[in-house]
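Student: sharing a model prediction with you, sequence too.
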Amino acid sequence: ESGGPGAAPQDTHSECANWAKRGECDEREAQRVRGALQSEEQQALAAARALACAGAAEPSEGAVREAAEACRQRCGPHEDCLGQCERLAPRELHALLRRCAPWPLLSSEAVSAGLHVVCLVPAEACEDVGSHAVVFRNGRVAERPQVRGETRGKLYQDSGFFTPGGERLLQLSSLLKEPTLLMFEGGQWVWPTVRLGHTTELPGLRSPGEVTHIRTVSLTPAVFEIDNFLLPDESEHIMQRVRHTIQKSPVAMKDADQAKAKAAKDFRTSSQEFLPTSGDDILAAVDERVQMLTRIPITHAEHIQVLRYNQMEHYSAHHDFFDPADYANNKNICIMNMIQNGATNRMATVFFYLTNVTRGGETNFPRAGGLPQPHDFFDCSRGYSSWPMANKVIIFYSMLPDGSMDKNSLHGGCDVLEGQKWSANFWLWNKPGRGLVGAIGDPGRLEVKYAEKPPGRPEL
Ligand SMILES: O=C(O)CCC(=O)C(=O)O
Ligand SMILES: [Fe+2]
């Protein structure tokens, strides 16, 4: 029988001792788990969260011992089981680790809350302990991952399962075919940072033979740089479309700032314009590529927001997410309604650099590397800075893989010291179709099918 959500299954059947005596214990347990796995997707997820032979990134002796101990606990009082566990666990664990190879996907330097690598064990490999899933988390024995918003309530997304390449898997049959799965408690794909300087190669973004390089430049927050993501014509086109209409930027006022009657120019002195994709083939192609790059559906996107900074213009350090704590009393804009008290929010920004800048204009992350909150939100000397280069984009995540806000994602646009900076925000939410900012969920936008979407399911 299985316990509450996430609990390791326990063998409490009254007949079990007799089965064990007759040597049937293992087979019955194996049958039970196999049956559960076959019944439906929900069961597969339950199996995937059952932690049994927990392991470590590189199977040290200690890890193997710990895994054997975990097996022993799962086995219960049946001596037959126990004997098998001790004999088989280390060997099976090693075999499993070799096959599943989770360590290329995990960082030993930074903990990514809510990202788990799940290795599904075929029934034959681990029958003795009835175990079908091993979860690795940042190279350490896994804690129990949260599944399906168990403790966070209905408004939160269910956990999402993906292939290591970022393809969402929704059907049990596909789930069971993958030796290695990534599971995100927040329900959406976040590129694993792995380590500073790591490059993920993404093939086929523009044409079949081409490879896009996603370079990890910060672990906390997760920031990636991608050179030449945009075509020069695309950058030019984006600027041309707004050249005559772009206007000074407002900012969404927080309670505290409204009380102090701060003017928008204190924070942000650039100009901006939201740019709908509808009817624009060039933007549709950009949409498609951003979606492929982030593995986040375009239905989660706001309109592109084009920014222009003249000399000495800037945007002081801020978060792109809306922190419910900041807007609790804000009656002018329905941000609180939009963000469902924090369950719905901006999760990632793909930031476009449309031009080179002669001097300055960098995007600064003052808390990169886990630095404390700065006192001066205009100070660009701390943390990590990404420098403008025409056609380069960065991806940074405002949410951790578990779907919570990453306060380390604080960032700002530094003074343009010489020249002019054109750039653009491509904001992606953790859910489709919500939000008032920049008309998210524009029905005219092209959708690209790259993830499983069985008919009749709600969109993820
Ligand atoms: O201009 C930059 O580099 C950053 C701008 C930004 O963070 C924003 O517009 O939200
Ligand atoms: Fe921002």
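Tutor: Yep, it's here. Ligands and ions are numbered 1, 2, ... in the order given.
Student: wait, what's in contact with the residue of the stretch 351-460 of the chain at minimum distance from ligand 1?
Tutor: Proximity of the stretch 351-460 of the chain to ligand 1 (Cβ to the nearest ligand atom) peaks at Gly413, 2.5 Å away. No exception for glycine: its C-beta is placed from N, CA and C like everyone else's. Under the criterion of Cβ atoms under 8 Å, 6 or more residues apart in numbering, the neighbours of Gly413 are 270, 307, 309, 314-315, 361-364, 421, 423.
Student: not counting sequence-adjacent ones, nearest residue to it?
Tutor: Tyr315 (4.0 Å; Cβ to Cβ, 6 or more residues apart in numbering).
Student: flag every buried residue along stretch 386-401.
Tutor: Within stretch 386-401, the residues that count as buried by 16 or more other Cβ atoms under 10 Å are 386, 388, 390-401.
Student: now the residues you listed as JSON lines including pLDDT, secondary structure and distance to Gly166?
Tutor: Listed next are the buried residues of stretch 386-401 as JSON lines, based on pLDDT from 0 to 100; DSSP: H, G, I helix; E, B strand; the rest coil; distance: Cβ to Cβ, whole Å:
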{"residue": "Ser386", "pLDDT": "98", "secondary structure": "strand", "distance to Gly166": "22"}
{"residue": "Pro388", "pLDDT": "98", "secondary structure": "coil", "distance to Gly166": "27"}
{"residue": "Ala390", "pLDDT": "98", "secondary structure": "coil", "distance to Gly166": "27"}
{"residue": "Asn391", "pLDDT": "98", "secondary structure": "coil", "distance to Gly166": "23"}
{"residue": "Lys392", "pLDDT": "98", "secondary structure": "coil", "distance to Gly166": "21"}
{"residue": "Val393", "pLDDT": "98", "secondary structure": "strand", "distance to Gly166": "17"}
{"residue": "Ile394", "pLDDT": "98", "secondary structure": "strand", "distance to Gly166": "18"}
{"residue": "Ile395", "pLDDT": "98", "secondary structure": "strand", "distance to Gly166": "12"}
{"residue": "Phe396", "pLDDT": "98", "secondary structure": "strand", "distance to Gly166": "17"}
{"residue": "Tyr397", "pLDDT": "98", "secondary structure": "strand", "distance to Gly166": "14"}
{"residue": "Ser398", "pLDDT": "96", "secondary structure": "coil", "distance to Gly166": "18"}
{"residue": "Met399", "pLDDT": "94", "secondary structure": "strand", "distance to Gly166": "16"}
{"residue": "Leu400", "pLDDT": "91", "secondary structure": "coil", "distance to Gly166": "17"}
{"residue": "Pro401", "pLDDT": "89", "secondary structure": "coil", "distance to Gly166": "12"}
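Student: which one among the residues you listed gets closest to Val190?
Tutor: Nearest to Val190 among these is Pro401, at 4.5 Å by Cβ to Cβ.
Student: contact partners for that closest one?
Tutor: By Cβ under 8 Å, 6+ apart, the residues touching Pro401 are 112-115, 184-186, 190.
Student: now the residues you listed: which count as buried?
Tutor: Using 16+ other Cβ under 10 Å as the threshold, 112, 114-115, 184-186, 190 are the buried ones among the contacts of Pro401.
Student: rewinding a little: ChimeraX command for the buried members of the contacts of Gly413?
Tutor: Buried residues within those, by 16+ other Cβ under 10 Å, are selected in ChimeraX with:
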select :270,307,309,314,315,361,362,363,364,421,423
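Student: show only the entries of the contacts of Gly413 found in helices.
Tutor: Using DSSP state H, no member of the contacts of Gly413 falls within helices.
Student: quick check, nearest of the contacts of Gly413 to Gly209?
Tutor: Once Cβ to Cβ is applied, the member of those that ends up nearest Gly209 is Ser423, at 29.4 Å.
Student: does that closest one touch Ala390 like I think?
Tutor: No - when contacts are counted by Cβ atoms under 8 Å, Ser423 is not listed as touching Ala390 (10.1 Å).
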